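*Asks:* Sequence and predicted structure below; questions after.
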Amino acid sequence: MAQAITRASAPPPVRAAPRVRLPWPLSIYQTAVGKKWVMGLTGIALLGFILVHMTGNLHLYEGPREVHEYAETLRNLGTEIVPRTWLLWAMRIGLIAAFALHIHSAYSLSRMSLAADQRYPGGRNYIAASFASRTMRWTGPIIGLYLFYHLADLTWGWFNPDFVRGDPYHNVSESLSSVPVAIVYIVANVALAVHIFHGAWSMFQSLGVNSPRYNHLRRYLAATLAGVILAGNLSFPIFVQAGVIDDDGRSFVEELRHHGAAEEDH
Amino acid sequence: MSSEINLTLQVWRQDGPLAEGRFATYEASGISIDASFLEMLDIVNERLIESGEAPIVFESDCREGICGTCGLMINGQAHGPQKGTATCQLHMRSFNDGDHITIEPWRATSFPVLRDLAVDRRAMDAIIAAGGYISVNTGAAPDANLTPVPKETADPAFDAAACIGCGACVAACPNSAAQLFTAAKVQHLNLLPQGQAQRWARTEAMVETMEAFFGSCTNHGECEEACPKEIPIDFIAWTNRDYIKAKVKNRKLAG
């Protein structure tokens, strides 16, 4: 035992122990495996959002009225218990928190790995690592930048002169009818699908979900998720460009508002 | 097919841990295809010594794939192109006449180069010292089968115990993570009844020592491909699971 307890002298550690030890369970987040757990759990939350977001957006194929009704449904979620839009905001705050944690854990784990890794001047041969797994640190920031653009474009209306607040159908068809904007959406959503292709498989490993009997299904699941999300999200810019989603510049919600105001006047 | 081949080697030469390294080119002519990779290096070294040059420093011991001492990055692949073998089990018949072979040491910040192709792997010893053992009073030899172990448990425990600690997983990992090594060393004890007493203390201590020296796993799977013992990355997932459990259980035990 004495032999086992005597520490072998090793090179200096690459990563210093945290200066301040946070109380449990926050201390788990101070470890790399703990961060990977947070990465996996927030990944599930973000993946769930993306899937619901994509599915919900399919209302675009039904028409402006249905999109408006869907948007109203979201704003009215939980109105039996809480005031209007409260539950929507609670979900948004949760999503922002998940996104922030996902980015922070990725950033600090990447820093840790870059400090530990040394390049091979003679080159390295990749056998198992996929294009998706090796580009996670590129696709991630691309998605982050795209997300900011996406919000600025369709939620805050910074770039769109024809923006009508609260009319998603109108804004989507006005924005995506521009070819450069459509290209941005297509490129970003391909990056998103590539990110999901590795992430959705990787989270099983990080969260310790591993059972030899079902392991082969994890890759299929990740590929299916990435494929479904890619197909759904790419369809919007493509069908706007094709003229399938188009309101001829007339905002349904604006007309509804005028109509409502006109009715009140009478 | 000729039984001898001529090769051009690009070998990493570095005079010491702090010295600047460089590639040196050597012609290795008339190498028997039945020679192992290390025997080929021995032949090259003999010729270097005869010509008055310093021989290439590399590590080896058993030369039958069970000790984990040898380990070279051959053409960008840990332990070379043959799957499931250490460098010593790789034979020159895996190469063709006229091939260029690039030979580098394992590279990671915690694997400083000692000289040429030999690296300091004591960071891995530190992980073992943190808990890769069982503290028991052995006493007299126990009766056979006193502690029953189901075959379903013994199989993966043996698979994990096959780890020879060569460091190929770290060398092959784009993050220089030692997850596969640590997971194998944690799980071959955690799976067995004898390992249960120290299971949670071991998992926490070994994983956290690993994190002090090596990078963070991003599940590329390169380690599994490089491993001369073909240890699967399933052990990494199991260790991730055990680690979070340990974080909860150790806190309860500490009161």
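*Replies:* Looks like it arrived, so ask away. Because the structure is a prediction, the values reported are computed rather than measured.
*Asks:* helices and strands of chain A: which one has the lowest mean pLDDT?
*Replies:* helix A:2-5 (a mean of 48; mean pLDDT, DSSP states H and E).
*Asks:* mind checking the end-to-end distance for stretch B:116-123?
*Replies:* End-to-end span of stretch B:116-123 (Cα to Cα, to the nearest Å): 19 Å.
*Asks:* elements contacting the helix or strand bottoming out on mean pLDDT in chain B?
*Replies:* Ranked by mean pLDDT, DSSP H and E, the weakest helix or strand in chain B is helix B:234-254, scoring a mean of 92. Here helix B:234-254 touches helix A:32-57, helix A:179-206, helix B:151-161, helix B:179-190, helix B:199-213, going by 3 or more Cβ pairs under 8 Å, 6 or more residues apart in numbering or on different chains; DSSP states H and E. Yep, even glycine has a C-beta here, placed from its N, CA and C like the rest.
*Asks:* For chain A, what's the nearest residue on the stretch 101-250 of chain B?
*Replies:* Closest residue of the stretch 101-250 of chain B to chain A, Cβ to the nearest Cβ: residue B:241 (2.7 Å).
*Asks:* burial count for residue 219?
*Replies:* Went with chain A since none was named. A count of nearby residues for residue A:219, using other Cβ atoms under 10 Å in any protein chain shown, gives 13.
*Asks:* my question was about chain B
*Replies:* That count, for residue B:219 with other Cβ under 10 Å as the rule, works out to 25.
*Asks:* Contact partners for it?
*Replies:* Contacts for residue B:219 (Cβ atoms under 8 Å, 6 or more residues apart in numbering or on different chains) come out as A:133, A:198, A:201, A:202, A:205, A:206, B:233, B:236.
*Asks:* thought the first one was touching residue A:198?
*Replies:* Yes: with contacts defined as Cβ atoms under 8 Å, residue A:133 counts as touching residue A:198 at a distance of 4.5 Å.
*Asks:* Report pLDDT for residue B:136.
*Replies:* The model reports residue B:136 with a pLDDT of 75.
*Asks:* same check, this time on the one 4 residues further on
*Replies:* At residue B:140, the pLDDT value in this model is 84.
*Asks:* which regions of the chain sit below the pLDDT cut-off?
*Replies:* As the question left the chain open, I've gone with chain A. Low-confidence segments of chain A (pLDDT under 70): A:1-8, A:261-266.
*Asks:* I was thinking of chain B, sorry if that wasn't clear
*Replies:* B:1-2, B:255.
*Asks:* Report the residue ranges of every domain in it.
*Replies:* B:4-114, B:121-254 (automatic domain parsing).
*Asks:* among these, which is the most enclosed?
*Replies:* Of those, the one with the most neighbours on average (mean count of other Cβ atoms under 10 Å in any protein chain shown) is domain B:121-254, at a mean of 20.
*Asks:* Work out the gap between that domain and the centre of the chain.
*Replies:* Computed by Cα atoms, centre = their mean, to the nearest Å, the chain-centroid distance of domain B:121-254 equals 14 Å.
*Asks:* Check stretch B:111-125 too.
*Replies:* For stretch B:111-125, the distance to the chain centre is 12 Å (Cα atoms, centre = their mean).
*Asks:* For it, give me every contacting residue.
*Replies:* A:8-11, A:118, B:11-17, B:21, B:56-59, B:72, B:103-107, B:110, B:165, B:167, B:170-171, B:176, B:178, B:181, B:213-214.
*Asks:* So which of those residues belong to helices?
*Replies:* Among the contacts of stretch B:111-125, the members falling in helices (DSSP state H) are B:170, B:171, B:181, B:213.
*Asks:* what's the most distant pair in these?
*Replies:* The two members of these with the most space between them (Cβ to Cβ) are B:171 and B:213, at 13.9 Å.
*Asks:* By proximity to chain B, which residue of chain A wins?
*Replies:* residue A:208 (2.7 Å).
*Asks:* how about the nearest residue to that residue, chain neighbours excluded?
*Replies:* residue B:241 (2.7 Å; Cβ to Cβ, 6 or more residues apart in numbering or on different chains).
*Asks:* can I assume the one you found is in contact with residue A:211?
*Replies:* No: counting by Cβ under 8 Å, residue B:241 stays clear of residue A:211, with 10.9 Å between them.
*Asks:* quick one, what contacts residue A:221?
*Replies:* Contacts of residue A:221 (Cβ under 8 Å, 6+ apart): A:200, A:201.
*Asks:* Quick check: phi and psi at it.
*Replies:* Main-chain dihedrals, residue A:221, degrees, to the nearest 10: phi -60, psi -50.
*Asks:* repeat for residue B:228
*Replies:* phi -70, psi -20.
*Asks:* can you pull the contacts of it?
*Replies:* B:65, B:79, B:84, B:85, B:86, B:89, B:164, B:166, B:168.
*Asks:* quick check, the first one in a strand?
*Replies:* No: the assignment for residue B:65 is coil, going by DSSP: H, G, I helix; E, B strand; the rest coil, so no strand is present there.
*Asks:* gap between it and residue B:170?
*Replies:* Here residue B:65 is placed at a distance of 18 Å from residue B:170 (Cβ to Cβ, to the nearest Å).
*Asks:* Leaving out the residues flanking it, which one is nearest to residue 43?
*Replies:* No chain was given, so I picked chain A. The shortest distance from residue A:43 to any non-neighbouring residue, by Cβ to Cβ, 6+ apart, is to residue A:203 (4.9 Å).
*Asks:* Switch to chain B, please.
*Replies:* Excluding the flanking residues, the one nearest residue B:43 by Cβ to Cβ, 6+ apart is residue B:31, at 6.5 Å.
*Asks:* Three-state assignment for the one you found, please.
*Replies:* Quick answer, by three-state DSSP: residue B:31 is strand.
*Asks:* That one bridge partners, please.
*Replies:* The partner list for residue B:31 in beta bridges (DSSP bridges) reads residue B:5.
*Asks:* isn't it right next to residue B:9, touching?
*Replies:* No: applying Cβ under 8 Å as the test, residue B:31 and residue B:9 come out as separate, 9.9 Å apart.
*Asks:* Helix or strand next in line after the one helix or strand residue A:68 maps to, which one?
*Replies:* Assessed by DSSP states H and E, residue A:68 sits inside helix A:64-75. Per DSSP H and E, the first helix or strand lying C-terminal to helix A:64-75 is helix A:86-116.
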